[in-house]
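J.: sequence first, then the predicted structure, then my questions.
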Amino acid sequence: MENLKIKLTQFSEGSGCGCKIAPAVLDSILANRKSIDLLDSNLLVGNTSKDDAAVYQVSEDLAMINTVDFFTPIVDDAYDFGRIAAANALSDVYAMGGKPLFANAILSWPVEKIDPLLAGEVLEGGRAMCHQVGIPLAGGHSIAAKDPIFGLSVSGLISPKLIKTNKGAEEGDLIYITKPIGIGVLATALKRDKLLLGDYEIMIKYATEINLIGQEFGKLQYVHAMTDVTGFGLMGHLIEMAEGANLSAAVQSADIPLIDGVQGYIDQFIFPDNTYRNWNANSKNSEGIVGMELVKFCDPQTNGGLLVAVDPKFQNDFESGLERNNTQAWIIGEFKSKSAVRLSVI
């Protein structure tokens, strides 16, 4: 048995949401998926879209949200790993505009290689995040396997009239993002032993910040669409929104926020290998991205911020709400009529 100082990230080739299956491979896996879910009219959001969670209507005024999300370690500290994985899963419910109700844990652990006590710390981190949003970690399932993996299946509630999907954007909508980009870059610097001590705390701050504000956005009729930025990067998730709405997105590169210090790592060519995976998957559907700008567009985020499509007539109301809720957000562009590519960058 290895000691408690083991580095969990040595057991993961791609950490956090960066270990997602590549978009092209995922499309091939899902190419022959059955559309039997379409036979159930109560399934309001299912596997025919690329949304953050499934939504099932149970009465005229109530729908159930369910999501499942898990990944390999993004940090070496077991407790922080549990917190990040739980925050990431919980944020999927908020990205639909809903309220979490309870969660179940998903745990894979190489019990012969890593002390099971560390698995307990992972679970405690997950439980702490559930407690933070006022829900129980009700149970779960565990297996012994070669890779450490942790995440949650989260169930939540929402009014069917308030559901926010990733495909409801309208022409002219402003595009907001609620967190700066760079978690993948910082996680890579950690794995390469290049991360400065202070930057670790910054990474943990953003990676454990649950997108609670999504529940408030869900109440706003002028918020037309919403999703969170995770493993496919800003470009991938923004293109999904544009495709879902049959529109294109125009973005100002200079307006995209980066976490403080991240540009210094990019300048040293420190960023995830899966940044190129995301670029290869989406570059043909974009224009205007120059040189190393591709990193901020394609850096895989773990528990990244929300992308929010807002009717421009309500910009002042929306930004006043951000201030009341002590939430920061940046306008990075707008949705326009469909053009030759889904994402144009200036």
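T.: Arrived safely.
J.: secondary structure class for the residue nearest the centre of the chain?
T.: The C-alpha lying nearest the average C-alpha coordinate of the chain belongs to T230 (CA atoms, centre = their mean; 3.1 Å). What DSSP: H, G, I helix; E, B strand; the rest coil gives for T230 is coil.
J.: ramachandran angles for it?
T.: For T230, the backbone dihedrals are phi -130, psi -130 (criterion: degrees, to the nearest 10).
J.: these two touch, right, it and L307?
T.: No. Shown here, T230 and L307 do not form a contact pair, counting by CB atoms under 8 Å, at 10.7 Å. C-beta here means a position set from N, CA and C on the backbone, and glycine is covered the same way.
J.: returning to what we had before: next one: the residue nearest to the centre of the chain from T188, what distance?
T.: With distances taken as CB to CB, to the nearest Å, T230 is found 16 Å from T188.
J.: in this protein, which spans are helices?
T.: Secondary structure of the chain by DSSP state H: the helices cover 23-30, 78-95, 116-132, 183-191, 197-207, 213-217, 233-245, 262-267, 274-282, 294-298, 315-324.
J.: TSV please, covering those helices and showing mean neighbour count, distance to K146 and mean pLDDT.
T.: TSV is the format used below for those (neighbours: other CB atoms under 10 Å; distance: least, CB to CB, whole Å; pLDDT from 0 to 100):
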stretch	mean neighbour count	distance to K146	mean pLDDT
helix 23-30	13	21	58
helix 78-95	27	17	97
helix 116-132	18	14	97
helix 183-191	27	19	96
helix 197-207	17	25	95
helix 213-217	22	35	97
helix 233-245	24	28	96
helix 262-267	17	30	97
helix 274-282	21	21	94
helix 294-298	25	29	96
helix 315-324	14	44	97
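J.: residues contacting G126?
T.: G126 is in contact with 82-83, 85-86, 103, 105, 137, 150, 152, counting by CB atoms under 8 Å, 6 or more residues apart in numbering.
J.: distance check, it against T165.
T.: In this view, G126 and T165 are 27 Å apart by CB to CB.
J.: what is the neighbour count of the residue nearest to Q268 when sequence neighbours are not counted?
T.: Counting by CB to CB, 6 or more residues apart in numbering, K194 is the residue found nearest to Q268 once chain neighbours are left out, at 7.3 Å. Residues within reach of K194, counting by other CB atoms under 10 Å, total 13.
J.: please renumber the chain so that the first residue is 439 from this point on.
T.: From this message on, residue numbering opens at 439, which makes the last subject K632.
J.: test my guess that K632 contacts G702.
T.: No. Contact criterion CB under 8 Å: K632 and G702 do not qualify, at 10.1 Å.
J.: what's around D499, how many residues?
T.: Using other CB under 10 Å, the number of residues around D499 comes to 9.
J.: for L539, same thing?
T.: Once other CB under 10 Å is used to define contacts, L539 is seen to have 17 neighbours.
J.: what of the one 4 residues further on?
T.: A543 is surrounded by 24 other residues when neighbours are defined as other CB under 10 Å.
J.: that one touches L561, doesn't it?
T.: Yes. Using CB under 8 Å, A543 makes contact with L561 at a distance of 6.2 Å.
J.: anything in contact with each of those two?
T.: Residues within reach of A543 and of L561 at once, by CB under 8 Å, 6+ apart, are 575, 588.
J.: how is the chain divided into domains?
T.: Structural domains of the chain, as assigned by automatic domain parsing, span the residue ranges 446-600, 612-783.
J.: what's the end-to-end length of the shortest one?
T.: According to CA to CA, to the nearest Å, domain 446-600 extends 40 Å from its N-terminal end residue to its C-terminal end residue.
J.: now the longest one
T.: As for domain 612-783, its first-to-last residue distance stands at 15 Å under the measure CA to CA.
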